[in-house]
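In: need coordinates for the below:
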Amino acid sequence: MFGRRRGLDTAGNSSPGSAATLTLPPTAKLLSCRVLDTVHQPVRQARFEVTDPIGRRVVGGETDPYGGFTAAVPEGEYRLTVIAEGYAPFHGATLVGGSAQPGTAEIVLDPVEPPLLPQPGHWEIDPAHSTIAFTARHIGLARIHGRFNTFAGAVRIAERMEDSSMHVIIDTASIDTGLRMRDDHLRSADFLDAARHPTVEFYSERFIHRRGSRWTVAGALTLHGVSRSVTLDTEYLGTGTGMEGEPRAACRASAELQREDFTLNWQSMLAHGIAAIGSSVEVALDVQIVHKA
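Out: Sure thing, here's the model as predicted:
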């Protein structure tokens, strides 16, 4: 049964405050939980996953604004995992149906300390241990995965992390999707126009702490000669030491760009099937920075 919980709705019968109009198949039972912190406040948007005894996923999702979730499942034994930013993961087992006690489980998540922030000073991106990648739709069907192979960047960590700043420069011509004909076309005046706009640049404006190890880095991205405001959804991964004893720090970040915002409006289709790129481009960064003495 769950650790640190009270009750579990497994009977499949409606109770006061529940969705009384919900109609379930005869074999279905309800699994109902609330996820709380240590002062019994709801943990919203916690990710949960229910699996069977051999690890196959049965159902999953996120908790609602009250920290709750309800799932209809067949009678049987299950494993439940709950993960939320800033809290230790929860893993537990439960029996749904049969002689199980009805009710709503209250799962209490224990907070964890976020990783130590990098020391103040000047840091540089280590290209050998960093990646700037992107994903875009190919005529609305398969995904194109690519990366930029040449880039550099500097980060100034302030005494107060929110006052830090970052500047990243990407070599436009270093785009690499694994297909030379497509890459040549993406570099051409039809698309990135690397001859006229040889770099993509990002200047941060604000570091905003959201919770735990999650940050938002807001700034201006200049692409194809056009500057737009962009926010990076960032997960700070902590600090470490390199092989030569140098301090390092790492993070992951992502953003979604609309190429029309940067006047990348090419929609034509090439004769050899290197077709139009979708309007939405997902950017993902895995970055290590090295402290400069």
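
In: please, which helix or strand holds the nearest residue to Thr222 once chain neighbours are set aside?
Out: Spatial nearest neighbour of Thr222, chain neighbours left out: Glu201 (4.7 Å); criterion: CB to CB, 6 or more residues apart in numbering. Backbone N, C-alpha and C define where each C-beta goes, glycine included. Assigned by DSSP states H and E, Glu201 falls within strand 199-211.

In: thinking again about what came up before, what sits against the residue nearest to Thr222?
Out: 167-170, 221-222 (CB atoms under 8 Å, 6 or more residues apart in numbering).

In: re the thing from before, ok now the strand holding Glu201, how far from the chain's centre?
Out: In this view, strand 199-211 has its centroid 16 Å away from the chain centroid, taken as CA atoms, centre = their mean, to the nearest Å.

In: that one: which residues count as buried?
Out: 199-200, 202, 204, 207 (16 or more other CB atoms under 10 Å).

In: C-terminal to it, which secondary structure element comes first?
Out: Assigned by DSSP H and E, the successor of strand 199-211 is strand 214-223.

In: picking up where we left off before, tell me the mean pLDDT over the strand holding Glu201?
Out: The predicted model assigns strand 199-211 a mean pLDDT of 93.

In: paired strands for it, with orientation please.
Out: If you go by DSSP bridges, strand 199-211 pairs up with strand 165-171 (antiparallel), strand 214-223 (antiparallel).

In: next, the buried residues of the first one.
Out: Neighbour counts using 16+ other CB under 10 Å place 165-166, 168-170 of strand 165-171 among the buried residues.

In: one more: the longest one?
Out: Using 16+ other CB under 10 Å as the test for burial, strand 214-223 gives 215, 217, 219, 221-223.

In: quick check, nearest of these to Phe191?
Out: Leu223 (10.9 Å; CB to CB).

In: which residue packs closest to that closest one, ignoring adjacent ones?
Out: Closest to Leu223 by CB to CB, 6+ apart is Phe262, at 4.5 Å.

In: now do that neighbour, the pLDDT please.
Out: pLDDT recorded at Phe262 is 73.

In: what is the nearest of the buried residues of strand 165-171 to Asp37?
Out: Minimum distance to Asp37 across these is 31.6 Å, recorded for Met166 (CB to CB).

In: now do the strands in the stretch 1-150 of the chain.
Out: For the stretch 1-150 of the chain, the strands defined by DSSP state E, counting those that start in this stretch cover 28-36, 47-51, 57-62, 68-74, 76-83, 90-96, 105-108, 121-125, 131-138, 143-148.

In: where does pLDDT dip in the protein?
Out: Applying pLDDT under 70 to the chain flags the ranges 1-22, 99-104, 138-141, 263-278.

In: care to break it down by domain?
Out: Domain ranges of the chain: 28-108, 121-292, per automatic domain parsing.

In: on that earlier part again, now the angle from the strand holding Glu201 to strand 143-148?
Out: 100 degrees (axes from the mean of the first three to the mean of the last three CA atoms, to 10 degrees).

In: could you dump strand 199-211 to PDB, C-alpha only?
Out: Output in PDB follows, covering the C-alpha atoms of strand 199-211 (Å, rounded to 0.1, in the frame of the first residue of the first chain):
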ATOM      1  CA  THR A 199      25.200  34.500 -36.900                       C
ATOM      2  CA  VAL A 200      22.300  33.900 -34.700                       C
ATOM      3  CA  GLU A 201      22.600  35.800 -31.300                       C
ATOM      4  CA  PHE A 202      20.900  35.600 -28.000                       C
ATOM      5  CA  TYR A 203      21.200  38.300 -25.300                       C
ATOM      6  CA  SER A 204      19.600  37.500 -21.900                       C
ATOM      7  CA  GLU A 205      17.600  40.200 -20.200                       C
ATOM      8  CA  ARG A 206      16.300  38.500 -17.000                       C
ATOM      9  CA  PHE A 207      17.000  35.300 -15.000                       C
ATOM     10  CA  ILE A 208      13.700  34.400 -13.300                       C
ATOM     11  CA  HIS A 209      13.500  31.700 -10.600                       C
ATOM     12  CA  ARG A 210      10.300  29.700 -10.900                       C
ATOM     13  CA  ARG A 211      10.700  26.900  -8.300                       C
END
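
In: quick one, what contacts Ile208?
Out: Contacts of Ile208 (CB under 8 Å, 6+ apart): 162, 215-218.
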